[in-house]
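# I'd like to go over a predicted model; first the sequence, then the structure.
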Amino acid sequence: MASKERFEMPWQYNFPPFFTLQPNLDTRKLQLEAWSALILKYFRSHRLHIIDVNEAQSSPLFHNVSLNRKLSTETIQLILEELRRTGHLEWMDKQKRRGWILWRSVDDWAKLLYRWVGIPC
């Protein structure tokens, strides 16, 4: 497993518009997919499991100091809802302020377990 010292942000992280929710729906869809992939890779690399929306904005993941850009709380919330929709996040509270980041979706884990015990999916 990669350590946090070797984790490299993707090229989009150094592209200022990446930190602004895009108005074009097709572009926004790609942006949400890129952020989702980045969050999953970052959390897996750093062996993190819980995200707190209130603290997220100040983390290096969502705040690029060299660009002086950070995602708004609303955009972070939108990305996290996308992760939930794809099975990669489970909210810990009704207010949707803290959640479990699932590196693999529950469905993916189920398939792995079925294969491991020799039951076809």
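Okay, I see it.

# Show me which residues of whichever strand or helix holds Trp109 are buried.
Assigned by DSSP states H and E, Trp109 falls within helix 106-117. For helix 106-117, the neighbour count (16 or more other C-beta atoms under 10 Å) marks no residue as buried. Where you see a C-beta, it was placed from the backbone N, CA and C, and this is true even at glycine.

# Against which helices or strands is it packed?
Of the remaining helices and strands, none touches helix 106-117 by 3 or more C-beta pairs under 8 Å, 6 or more residues apart in numbering; DSSP states H and E.

# for it, what is the average pLDDT?
If you average the pLDDT over helix 106-117, you get 85.

# could you dump it to PDB, C-alpha only?
Provided in PDB are the C-alpha atoms of helix 106-117 (Å, rounded to 0.1, in the frame of the first residue of the first chain):
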ATOM      1  CA  VAL A 106     -20.300  -3.000  -0.500                       C
ATOM      2  CA  ASP A 107     -21.200  -4.700  -3.700                       C
ATOM      3  CA  ASP A 108     -17.500  -5.000  -4.700                       C
ATOM      4  CA  TRP A 109     -16.700  -6.500  -1.300                       C
ATOM      5  CA  ALA A 110     -19.600  -9.000  -1.600                       C
ATOM      6  CA  LYS A 111     -18.300 -10.100  -5.000                       C
ATOM      7  CA  LEU A 112     -14.800 -10.500  -3.600                       C
ATOM      8  CA  LEU A 113     -16.000 -12.600  -0.700                       C
ATOM      9  CA  TYR A 114     -18.200 -14.800  -3.000                       C
ATOM     10  CA  ARG A 115     -15.100 -15.400  -5.200                       C
ATOM     11  CA  TRP A 116     -13.000 -16.100  -2.200                       C
ATOM     12  CA  VAL A 117     -15.300 -18.800  -0.900                       C
END
